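J.: need coordinates for the following:
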Amino acid sequence: MNIIVKVAGVVFDSENKILLIKEKYREADGYKWNLIKGTFDHADETLDDCLRREIKEEVGLVAGQISLRKIFQYGTPDQIKLLFVFYVHNCTGEVSIPDSRSAVAGEDIQESAWFTQKDIMAMAPDSFIASYVSKSLSAREDGQVDIERL
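T.: Numbers count the residues shown, from 1 in each chain. You can find the predicted model right below:
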């Protein structure tokens with residue numbers, strides 16, 4: 001059994017808008033909206049260090065306050081995937097998408113945009129790379145971490 005650990009950030013601005021990136025996961029699907037995310041693959045990092053690195057690499061922001069809000073489990077019996085979703089507040093810097101010639105290997109980000117939660121909930125499900133994008137917005141009010149199977 002192989003376990004892959006991923007991190008994702010629901011990045012909020014001062015008006016509670018959420019930053020999404022439009023990227024390509026599979027060629028046939030074209031570009032779809034996604035959270036900023038990446039694979040936890042550096043043994044010298046913590047999960048939140050990994051997310052801070054991904055946010056800086058993918059959109060140029062320096063992450064502020066980070067809190068774990070959801071964990072999604074998915075995959076197959078031979079390859080289990082765990083996605084740790086953090087809420088991120090008080091980022092600094094300006095959003096900038098790396099030029100495709102200098103982008104981190106494997107990234108294919110077309111654009112980014114800020115959305116209200118209402119805007120995101122009104123979008124068609126096939127606008128997103130996966131269901132975890134909209135599901136990540138419904139964290140518990142009591143601060144407890146939700147665990148869900150996709």
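J.: how about the CA coordinates for stretch 60-74, as CSV?
T.: Written as CSV, here are the backbone C-alpha positions of stretch 60-74 (Å, rounded to 0.1, in the frame of the first residue of the first chain):
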residue,chain,number,x,y,z
GLY,A,60,3.6,34.5,-5.0
LEU,A,61,2.0,35.2,-1.7
VAL,A,62,3.5,34.8,1.8
ALA,A,63,1.1,32.8,3.9
GLY,A,64,0.0,34.3,7.2
GLN,A,65,-2.1,32.4,9.8
ILE,A,66,-2.8,28.7,8.8
SER,A,67,-5.3,26.4,10.5
LEU,A,68,-6.2,22.8,9.6
ARG,A,69,-9.9,22.6,8.8
LYS,A,70,-10.6,19.4,6.8
ILE,A,71,-9.0,16.1,5.9
PHE,A,72,-10.2,14.1,2.8
GLN,A,73,-9.4,10.5,2.2
TYR,A,74,-9.6,9.0,-1.3
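J.: find me the pLDDT at residue 72, would you?
T.: For residue 72, the pLDDT comes out at 97.
J.: equivalent analysis for the one 4 residues further on, please.
T.: pLDDT recorded at residue 76 is 95.
J.: quick check: phi and psi on it?
T.: Phi and psi for residue 76, reported as degrees, to the nearest 10, are phi -120, psi 170.
J.: now the helices for the protein?
T.: Taking DSSP state H, the helices of the chain run over residues 47-59, 117-122, 132-135.
J.: isn't residue 120 right up against residue 20?
T.: Yes - contact criterion C-beta atoms under 8 Å: residue 120 and residue 20 qualify, at 7.4 Å. All C-beta spots, glycine's among them, are computed from the backbone N, C-alpha and C.
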